[in-house]
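[1] Requesting a structural model of the entry that follows:
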Amino acid sequence: MKLSITATEKESILNELGNANKAFQKIYPGDRADRQPVHTVYGGADLFTADSAEKMGQAAMKTLLHNAADFVEFAKAIELPGHESLPSDAAGIKNLIKKMDAASEADRKKEMAWLSYTTYNKVIEKLKTEALEDFRIDFEDGFGNRSWEEEDATAEQAAKEAAKGMKAGSLPPFIGIRIKPFTEDLKERGVRTLDIFLTTLSEETNGKLPENFVVMLPKVSIPEQVSALVKLFEKIEANTKIPSGALKMEMMVETTQAVINKDGVNPLRSFVEASKGRMIATAFGTYDYTAACNITAKYQDMGHAVCDFAHHFMKVSLGATGIWLSDGATNVMPIGPHRGNNLTLEQEAENKTVVHRSWKKAYDHTRYSLWKGLYQGWDLNPAQFPMRYAAVYSFFLESYEDAAKRLRAFVEKAARATLTGDVFDDAATGQGLLNYFLRAMNCGAISAEDVTATGLTMEEIRTRSFLKILEARRKKLAV
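    Okay, the predicted model is just below:
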């Protein structure tokens, strides 16, 4: 066979291309393999205590059981798929619950009530075991502008409570602080709070940080704000017992300038580069961003088109970089207007109506975020937790059977495109299906056993790459 390109010429060209490919792969290594929390809760720093996670879990469970004592009421409140077929009378509900409790999982899956029943019980279990996944001790919006003396004292006390929680093992699996933004008018206050908190924490813990600790910098609009935080990290690490490089950060996209800068360029990648490898996540600030777009208060909402625009910019700018993306929050709280222990039946009913309406709104927002590929969001109150987990679990559970069937077909044919029903699958779809199982397992919607039922092993799943799985299987078939 004759060739026109010499070996030397080919080597020179491919070496040059190889350097470019490697540089690209360094910037876009793909999604991180470690667990991403499904929510972040922001709470005023003045209210934070070592046992805040436990208290929030108890409050969330109380809200759920008081406003949806069974899976039927919960399903109807947030309108889970199939809720229309569920009974409305007390006797019918009681009989259905008894039937579902007694049935095997295989038999339950044959029932229209399966999704509602399973989602509700998974939410109950989650609230019992790990209601709060991620928490920000908030010195910004959740704390407000107070006297310097009060914020100083709160920063010191919050650090001591965090240290106390570390010792007791009572902190959530992810935790951090949100300081004030590094705008010209608030930068001094933001730096001082950061310094007091971290210095105090280091003294209390001998330099050890809580697991998955992060500092949130809000309202980032220029890379220099990120650079300043990194330089502060370096000084604090050098002057305390906190190990070099241990401090990590995340930022909030809340300004229009964080999406398109003065030169008409998307600056998000420059923010990440300014962090020198310390950036792990980027969160969207719904209400500041919509306000910056001159949206009136009534329409400042996670479903607004301006949010879709910003979300897509975040995804195309930071996709495959390993930076986690998070959506914002629903600010309508599921809390009834009537308080006290001696409410009338009418007041109780009105409270429940308000809670159910608020749950439904936040549920829809969360499902919309998930549909757009944003798998984390904010919660502002424990009363929102039941909705959060219901939205996440139902999102993955309702498509499990179809996804498992399609992925199993891929695995069995080991790299050949398949036609399952009327949906044509190719390798890219295979990666999408794999991403589904990774996310579903990550959030607890499905188990490792559910994943391996597709024919994949956990070792294959952990590669996070459908192409790598297929390549390995091809090699086995070739032997």
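
[2] quick check: domain ranges of this protein?
    As assigned by automatic domain parsing, the chain contains the domains 39-58+128-396, 399-478.

[3] so where is this protein shaky, pLDDT-wise?
    Applying pLDDT under 70 to the chain picks out residues 413-427, 477-479.

[4] ok, now with 80
    Within the chain, the segments meeting pLDDT under 80 span 33, 409-430, 466-467, 470-479.

[5] on that earlier part again, wait, which of the domains of the chain is closest to E11?
    The closest of those to E11 is domain 399-478. By CB to CB, the value is 24.4 Å. C-betas here are computed from N, CA, C, even on glycine.

[6] ok now the closest one, how far from the chain's centre?
    23 Å (CA atoms, centre = their mean, to the nearest Å).

[7] Is A153 located within a strand, as I assumed?
    No - counting by DSSP: H, G, I helix; E, B strand; the rest coil, A153 is not part of a strand but helix.

[8] Could you count how many residues lie near it?
    14 (other CB atoms under 10 Å).

[9] ok, now E460?
    Applying other CB under 10 Å, we find 21 other residues in the vicinity of E460.

[10] and if you look at A292?
    For A292, using other CB under 10 Å, the count is 19.

[11] Distance-wise, check it relative to F135.
    From A292 over to F135 the distance is 26 Å, taken as CB to CB, to the nearest Å.

[12] Also M252?
    For M252 relative to F135 (CB to CB), the value is 16 Å.

[13] higher neighbour count, these two?
    Neighbour count, other CB under 10 Å: between M252 and F135, F135 has more, with 27 against 23.

[14] which stretches of the stretch 201-350 of the chain form helices?
    For the stretch 201-350 of the chain, the helices defined by DSSP state H, counting those that start in this stretch occupy 223-239, 268-274, 286-292, 305-318, 345-371.

[15] would you list these in a markdown table and tack on distance to E161?
    A markdown table is the format used below for those (distance: least, CB to CB, whole Å):
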| stretch | distance to E161 |
| --- | --- |
| helix 223-239 | 19 |
| helix 268-274 | 31 |
| helix 286-292 | 28 |
| helix 305-318 | 33 |
| helix 345-371 | 28 |
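
[16] which residue is nearest the centroid of this protein?
    Q376 (2.0 Å; CA atoms, centre = their mean).

[17] list the contacts for that one?
    36-40, 281, 283, 324-327 (CB atoms under 8 Å, 6 or more residues apart in numbering).

[18] quick one: which of these is nearest K468?
    Q36 (20.9 Å).

[19] Correct me if wrong, but that closest one is in a strand.
    No - using three-state DSSP, the assignment for Q36 is coil, not a strand.

[20] shouldn't it be in contact with N442?
    Yes - at 6.5 Å, Q36 counts as touching N442 under the criterion of CB atoms under 8 Å.

[21] so what's the residue nearest to the centre of the chain closest to, chain neighbours aside?
    Distances taken as CB to CB, 6 or more residues apart in numbering place S326 nearest to Q376, at 4.0 Å, with adjacent residues excluded.

[22] what about that neighbour, distance to T290?
    16 Å.

[23] With T183 instead?
    From T183 across to T290, the span is 19 Å (CB to CB).

[24] and S326 and T290? which has more neighbours close in?
    Neighbours were counted for S326 and for T290 using other CB under 10 Å; S326 has more, 25 against 22.

[25] what are the bridge partners for that one, then?
    A283 (DSSP bridges).

[26] For it, give me its contacts.
    Counted by CB under 8 Å, 6+ apart, S326 has contacts 40, 281-284, 374, 376-378.

[27] A59 now?
    Counting by CB under 8 Å, 6+ apart, A59 has contacts 382-383.

[28] what about the closest residue to D152 other than its chain neighbours, is that helix, strand or coil?
    Excluding the flanking residues, the one nearest D152 by CB to CB, 6+ apart is I196, at 6.0 Å. The assignment at I196 comes out as helix when based on three-state DSSP.

[29] Next: the one 3 residues further on.
    The assignment at T199 comes out as helix when based on three-state DSSP.

[30] any idea how far the closest residue to it other than its chain neighbours is from S465?
    Excluding the flanking residues, the one nearest T199 by CB to CB, 6+ apart is T240, at 5.9 Å. Distance, T240 to S465, by CB to CB: 39 Å.

[31] more crowded one of those two?
    T240 (17 against 14).

[32] distance of that one from L17?
    Taking CB to CB, one finds T240 at 46 Å from L17.

[33] go on, I260?
    32 Å.

[34] Between these two, tell me which one has more neighbours.
    Shown here are I260 and L17; by other CB under 10 Å, I260 has more neighbours (14 against 10).

[35] May I see the domains of the chain arranged in TSV, with distance to K22 as well?
    Converted to TSV, those look like this (distance: least, CB to CB, whole Å):
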stretch	distance to K22
domain 39-58+128-396	15
domain 399-478	17
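
[36] hey, where'd the strands end up in the chain?
    Secondary structure of the chain (DSSP state E): strands located at 39-44, 134-138, 174-178, 213-217, 249-253, 279-284, 324-326, 377-379, 418-420, 423-425.

[37] partner strands of the first one, parallel or antiparallel?
    Strand 39-44 has these partner strands in its sheet, going by DSSP bridges: strand 134-138 (parallel), strand 377-379 (parallel).

[38] likewise the fifth one?
    Strand 249-253 has the following strand partners under DSSP bridges: strand 213-217 (parallel), strand 279-284 (parallel).
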